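[1] what follows is a predicted protein model with its sequence.
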Amino acid sequence: MKALTWQGRQQVEVTDVPEPVLKEPTDAIVRVTSTAICGSDLHLYDVLTPFMQQGDILGHEVIGVVEEVGSEVERLSAGDRVVVPFNISCGHCWMCQHGLQSQCETTQMRRTGKGAKLFGYSSLYGAVPGGQAEFVRVPQAHYGPIVLPSTGADERYLYLSDILPTAWQAVQYADVHDGDTVAVIGLGPIGQLCCRIAGHLGARVIGVDLVADRLATAGRHGVELIDRRSVDDVPQAIRELTDGRGADGVIDAVGMEAHGDKVAETAAGVASRLPSVVGKPVMKHFGLDRMAALRTAFAAVRRGGTISISGVYGGALDPMPMIELFDKGVTLRMGQANVRRWTDDVLPLVLEEDVFDLEHFATHHLPLTEGPAAYRMFRDKTDACLKVVLQP
C-alpha cells in the first residue's frame, strides 16, 4: 500500500509498505478515506527527529471504513464508518475510567516515561504506524474508534480524531463560562477551533497571531483580533480590552515552536541535527522550548485566572516565572487531549448541525501522493494554508 513515511529531517516521502494485518484480538484494520496533517506532525518533521526511524508511517488524524476486526472486537463490524482517536486507550484501566485516556495504563509507554501510545508519533509514543496511508491497524479497537453515520462529508467528523476534542479540552481546562473573556494565543487549527468553541459557550474571545490569513479567518467568526506584527506588548493590549485586569482564561495553542525565542530555536535546531544516539538524551534532559507564547499567556491572564496549554511542549530545562505565577494565583492545566472523554459531549454538536463550520475548515484537499509538498506548505504557512486533508 501507499503510505507517507518519514525519511529524515524535513523529508517525508510516499512509499510502498506492506498492508497492516491483525496482530491482537482487539485490533481492527481500517481503510482510510481521509487523513489530515496536524500541527504536531511538524514537530516530527523537525524538532523531534532524534526519536524517528527511517520509514516510520506518519499521521494520527484518520477517518475510514472498517475492513476487518479481531475476535474480541464486538462493537465494530466490517463496513462501519469510524473516526479513530489519535491516542490509543483501552477504556477499562484506572486512568481511562477516570477520564485520563491519554495516560492509559494498558498502552502507557513506561520505557520512555510517556503516556499512552499515539498513532504515528515516534519511538517516544510506541512507534505505532500512523494513518497517512491507505490502511491502518487500530489497536484497542474494542474501545477507541467512534462509529459514525454512513452519510455526510468526511470533514464533518474527521477532526474528532484529534483537533476538535483537543480544542474542546483546552476550553474546558481554561474554565470558560458564559460571559467570560478568553484569550487564545495562536490561531492555527487548534486555536481557530478554541475560538469557535469558546464563542459557542458564550465567552468573549480575543485571538492573537501574526499571520494575516489566520487572523482574517478568526475575525470572520466573531473573534476580536490582536495582530502581533503591529502590537509591541500583547499582554498590555489584552489588559486594555479587559478593564486592566487581563483575560479570565488564556489558551496557549502554539506550543514549543513559537516565534520569538532565538536561543531556544537555535538549541532545538542543533539537537534535531544530532545523530539519534546523541540527540535523544539531549532533547529529553536538556531540551529548551520556544516559550514566547506561554510567557504571553502568563502575563495576559488576570489574577486568579486560568491558563490552559494545548500546544505541545517537550523541553526539560524550560525556565518558568514561578514568582509571577504564584503571586497572581494562576491555575495551570495542560496535557494531551483525552479524546474519548470528550467525544460524547462533542459528537452531538457535530451530528445535529455543523456548528463549528468543520466542513469548510480545511484550506487544502490533496491526494496522499502530494503529501510531501503539503508538509512543506503547512510548515511554511504559504498559500494561506491552515489545514490539509489528504485522500489516499
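    Arrived safely, thanks for sending. Residues are numbered from 1 along each chain as shown.
[2] neighbours of the residue lying closest to Ile163 once chain neighbours are set aside, how many?
    With CB to CB, 6 or more residues apart in numbering as the measure, Pro189 is the residue that lies nearest to Ile163, at 5.2 Å, once sequence neighbours are left out. Heads up, the C-betas are built off the backbone N, CA and C, glycines and all. Here the neighbour count serves as a burial measure; for Pro189 (other CB atoms under 10 Å) it reads 28.
[3] let's see the pLDDT reported for Pro189.
    In the predicted model, Pro189 carries a pLDDT score of 96.
[4] how close does the residue of the chain positioned farthest from its centre get to Gly199?
    Here the centre of the chain is the reference, and by CA atoms, centre = their mean the most remote residue is Asp243, at 32.6 Å. For Asp243, the distance to Gly199 (CB to CB, to the nearest Å) stands at 20 Å.
[5] likewise for Gly219?
    Summarising the geometry, the distance separating Gly219 from Gly199, computed by CB to CB, is 12 Å.
[6] again with Gln140
    34 Å.
[7] and the two? which has more neighbours close in?
    Gln140 (26 against 18).
[8] now do the SS call for Asp243.
    coil (DSSP: H, G, I helix; E, B strand; the rest coil).
[9] for it, give me the pLDDT.
    Asp243 carries a pLDDT value of 97.
[10] for Met52, grab the count of nearby residues.
    Neighbour count for Met52, taken as other CB under 10 Å: 22.
[11] surely it meets Tyr125?
    No - because the distance of 11.3 Å does not satisfy CB atoms under 8 Å, Met52 is recorded as not touching Tyr125.
[12] test my guess that Gly59 contacts Phe119.
    Yes - contact status for Gly59 versus Phe119: in contact at 6.8 Å, counting by CB under 8 Å.
[13] what residues are shared contacts of these two?
    130-131 (CB atoms under 8 Å, 6 or more residues apart in numbering).
[14] run through the residues that contact the closest residue to Gly305 other than its chain neighbours.
    In space, Gly305 comes closest to Asp248 once its chain neighbours are excluded; the distance is 5.3 Å by CB to CB, 6+ apart. The contact partners of Asp248, by CB under 8 Å, 6+ apart, come to 175-176, 180-182, 301-302, 305-306.
[15] also Leu193?
    When contacts are counted by CB under 8 Å, 6+ apart, Leu193 touches 159, 163-164, 166-168, 356, 361.
[16] possible to save those as TSV with pLDDT and secondary structure?
    Compiled in TSV, those are given as follows (pLDDT from 0 to 100; DSSP: H, G, I helix; E, B strand; the rest coil):
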residue	pLDDT	secondary structure
Tyr159	98	helix
Ile163	97	helix
Leu164	98	helix
Thr166	97	helix
Ala167	98	helix
Trp168	98	helix
Phe356	97	coil
Phe361	97	coil
